[in-house]
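Trainee: Coordinates for the following, if possible.
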Amino acid sequence: MGTTWSLRFDNPKMIELGAVRHAVQAVLDRVIAQMSTWEPGSDISRFNGAIAGSRHSLAPEFAEVLGCALRWAAESGGAIDPSVGPLISLWGFGAQACTSGMPSSPADLAQARARVGWERLDFDPGTQSILQPGGTALDLSGVAKGFAVDHVAEALRTLGLEDFIVEVGGELRGAGHRPGGAPWRVQVDAANGRPAVVALSNLAIATSGDRWHTHEHAGRRWSHTIDPRNGEPPRHGLASVTVLHRECMHADALATVLTVLGPDEGLAFAERHAVPALFVCHEGAQPRVLATSHWPAHSS
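Mentor: Sure, this is the predicted structure:
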């Protein structure tokens, strides 16, 4: 999926390292085989290349991730959209990235936007199947990494591990405690070199922003998050947003939603949905930091 994973854990039962590595890799291999657009033979790649009018049965994991993306698409008015693939490629990101790094013409942008729209996806949760309406290219990168973190955590618990922190592509989930009883802690780069420290006590964290995976052309700089509603990278000046949730899949999806919505609309959305979120905004020499009322007051 174009990224890496890492794991730190306490191992009082002395479970063999190879067994732990195998359990993690088995989960990630399953996610990759289903949802990685970097793999030509994956389920998602085969769906994206399928003929119009064909219906496809989805593996349970694929269906769960798609269902999560569609839920937040409906809640946010399309700020996240699992059919955003054509726009991601057009702006120079992903496995099928356009080499120019940006649309070559308004016509190209209009053509890509015509292929995007979560409402066009006829997803049937009962049969776990989806219709390819024609030209749809799913991209679940805004949800799948978080899902992978959750399922690695499940596999580790099944193996007998209770205290660990697992990370996939920068999304993390902590369980139990560090050796010695202290909680797992992560630093969030808030502003002006003053990181916020958050305890992950059976909690997940996801961050999205414009510091990673960026392009620049003719004085304009943009990141890999594209607003599916207008086909453009956001222009609201949000540097990053960090979300806490019990499930990393939802933290991952919500970080994307809030990045697209921006600091004002995003803050209101997060408050309505009781989301612990921290926004860092570009604002001159001194970045502006906003936190929802659900963000932990003890983080420092």
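Trainee: Phi, psi for residue 261 please.
Mentor: phi -70, psi -30 (degrees, to the nearest 10).
Trainee: Pull the number of nearby residues for it.
Mentor: Residues near residue 261, counting by other C-beta atoms under 10 Å, number 24. (C-beta placed from N, C-alpha, C; glycine too.)
Trainee: and if you look at residue 18?
Mentor: Residues within reach of residue 18, counting by other C-beta under 10 Å, total 8.
Trainee: State whether it is indeed within a helix.
Mentor: Yes - Residue 18 sits within a helix when classified using DSSP: H, G, I helix; E, B strand; the rest coil.
Trainee: Next, find the distance separating it from residue 32.
Mentor: Look at residue 18 and residue 32: by C-beta to C-beta, to the nearest Å, they are 20 Å apart.
Trainee: In space, what's closest to residue 20 - neighbours in sequence excluded?
Mentor: The shortest distance from residue 20 to any residue other than its chain neighbours is 6.6 Å, reached at residue 159 (C-beta to C-beta, 6 or more residues apart in numbering).
Trainee: Kindly apply the preceding question to residue 278 instead.
Mentor: Excluding the flanking residues, the one nearest residue 278 by C-beta to C-beta, 6+ apart is residue 242, at 4.6 Å.
Trainee: and that neighbour, helix, strand or coil?
Mentor: strand.
Trainee: was I right about it contacting residue 204?
Mentor: No - in this structure residue 242 lies outside contact range of residue 204 using C-beta atoms under 8 Å: 11.1 Å.
Trainee: rewinding a little: for the residue nearest to residue 278, which residues make a bridge with it?
Mentor: residue 207, residue 278 (DSSP bridges).
Trainee: Model confidence for it, exactly?
Mentor: Looking at residue 242, its pLDDT reads 94.
Trainee: show me the contacts for it.
Mentor: 188, 205, 206, 207, 255, 277, 278 (C-beta atoms under 8 Å, 6 or more residues apart in numbering).
Trainee: Near the fifth one, how many other residues are there?
Mentor: The criterion is other C-beta under 10 Å. On that basis, residue 255 has 28 neighbouring residues.
Trainee: how far away is the residue nearest to residue 278 from residue 186?
Mentor: Taking C-beta to C-beta as the measure, residue 242 falls 9 Å from residue 186.
Trainee: which neighbours do the two share?
Mentor: With C-beta under 8 Å, 6+ apart, residue 242 and residue 186 have common neighbours residue 205.
Trainee: In terms of pLDDT, where does residue 215 sit?
Mentor: Value for residue 215, per-residue pLDDT: 51.
Trainee: can you map out the helices along the stretch 1-150 of the chain?
Mentor: In the stretch 1-150 of the chain, the helices defined using DSSP state H, counting those that start in this stretch lie at 17-35, 43-48, 60-76, 85-90, 106-114, 144-159.
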